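Trainee: no sequence for this one, just the structure:
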């Protein structure tokens, strides 16, 4: 049986198929996407459909995605977990600056608390490790915030196994967010470590940010036809069945695509189909 939920940090159960907010902002995750009312409607519908994990970041917009989450969902239902990220500063649609000094992380967390209108952030993810700042100082700042009751759980983004192991020696980690999908299995070892240590793995670009090509597309299309499903639904179903630690949070600004993504939770792939999909490589 495929587990529908994951216990984040051991105390916050979430539905494994969540919702990501990056696509509620404009190209390059910069500025608004379109009508604000449409973004609010998508967020509210996601929760109506049973989504309990909302994944956002302070630099989506920047600031805009967190503001939309609060406007749409506050006061939050008791079972909804809002995860956000800090540690990256944006100065343009293609300009990302890692900022992991303790004073920067503390200020970013405080700003996210205000925008999200909460006293405690359920999951605060370090968006990137700052190579110019010792990991112990970065995680130490987040630990201080946790002890102060401003963070419940700490997560990491875009890390390798060595970095996860090092982080776990420094403090409790609840999640990892790396790129992982049908096309990109580079983080297989990180996924295995998450499974072994009870960490959630939130795959970014869960839909591979595009379609398979060549022979891979033929395999995927055939399986999709057999299930009367879309390619994206099969890609999400594969993630849900690939590992119980995987908690994909596909994002969209479209109500139609939201419904389609969430319906992927009802697709049950056979062992033969899983084997075929496991064997796909990008061409």
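Mentor: Good, I have the coordinates. A quick note: this is a predicted structure, and the numbers were derived from the prediction, not measured.
Trainee: what's the pLDDT at residue 213?
Mentor: Note on residue 213: pLDDT of 62.
Trainee: mind listing the helices for the stretch 1-150 of the chain?
Mentor: For the stretch 1-150 of the chain, applying DSSP state H, counting those that start in this stretch gives helices covering 36-48, 64-73, 102-116, 135-147.
Trainee: again, but for the stretch 151-283 of the chain
Mentor: Taking DSSP H, counting those that start in this stretch to define them, one finds helices in the stretch 151-283 of the chain at 161-170, 188-197, 214-226, 231-242, 255-263, 271-278.
Trainee: Please produce CSV containing these, extended by distance to residue 77 and mean neighbour count.
Mentor: C-betas here are computed from N, CA, C, even on glycine. Below are these laid out as CSV (distance: least, Cβ to Cβ, whole Å; neighbours: other Cβ atoms under 10 Å):
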stretch, distance to residue 77, mean neighbour count
helix 161-170, 30, 15
helix 188-197, 27, 16
helix 214-226, 33, 15
helix 231-242, 22, 23
helix 255-263, 16, 17
helix 271-278, 33, 14
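Trainee: Turn these into CSV, columns for distance to residue 57.
Mentor: As requested, these are exported to CSV (distance: least, Cβ to Cβ, whole Å):
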stretch, distance to residue 57
helix 161-170, 19
helix 188-197, 20
helix 214-226, 29
helix 231-242, 20
helix 255-263, 19
helix 271-278, 29
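Trainee: Where does pLDDT dip in this structure?
Mentor: 209-215, 282-283 (pLDDT under 70).
Trainee: Name the nearest residue to residue 204, ignoring sequence neighbours.
Mentor: Taking Cβ to Cβ, 6 or more residues apart in numbering, and ignoring the residues beside it in sequence, residue 204 has residue 179 as its nearest neighbour in space, at 5.3 Å.
Trainee: OK, contacts around the one you found?
Mentor: By Cβ atoms under 8 Å, 6 or more residues apart in numbering, the contact set of residue 179 is 158, 186, 187, 203, 204, 205.
Trainee: repeat that for 7 Å
Mentor: Neighbouring residues of residue 179 by Cβ atoms under 7 Å, 6 or more residues apart in numbering: 187, 203, 204, 205.
Trainee: Look up how far residue 12 lies from it.
Mentor: Distance, residue 179 to residue 12, using Cβ to Cβ, to the nearest Å: 24 Å.
Trainee: Let me have the helices of the stretch 1-150 of the chain in TSV, extended by distance to residue 220 and mean neighbour count.
Mentor: Shown next, in TSV, are these (distance: least, Cβ to Cβ, whole Å; neighbours: other Cβ under 10 Å):
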stretch	distance to residue 220	mean neighbour count
helix 36-48	25	17
helix 64-73	30	22
helix 102-116	37	18
helix 135-147	39	18
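Trainee: Out of those, the one nearest residue 234 is which?
Mentor: The minimum distance between residue 234 and the helices of the stretch 1-150 of the chain falls on helix 36-48, with 20.5 Å, by Cβ to Cβ.
Trainee: And for residue 148, the neighbour number?
Mentor: 11 (other Cβ atoms under 10 Å).
Trainee: can you check the one 10 residues further on too?
Mentor: Here the neighbour count serves as a burial measure; for residue 158 (other Cβ under 10 Å) it reads 16.
Trainee: Now the phi/psi pair for it, please.
Mentor: phi 60, psi 70 (degrees, to the nearest 10).
Trainee: roughly how far apart are it and residue 168?
Mentor: For residue 158 relative to residue 168 (Cβ to Cβ), the value is 16 Å.
Trainee: Same question for residue 54.
Mentor: Distance, residue 54 to residue 168, by Cβ to Cβ: 25 Å.
Trainee: out of the helices of the stretch 151-283 of the chain, nearest to residue 40?
Mentor: Closest to residue 40 of the helices of the stretch 151-283 of the chain, according to Cβ to Cβ: helix 255-263, at 11.2 Å.
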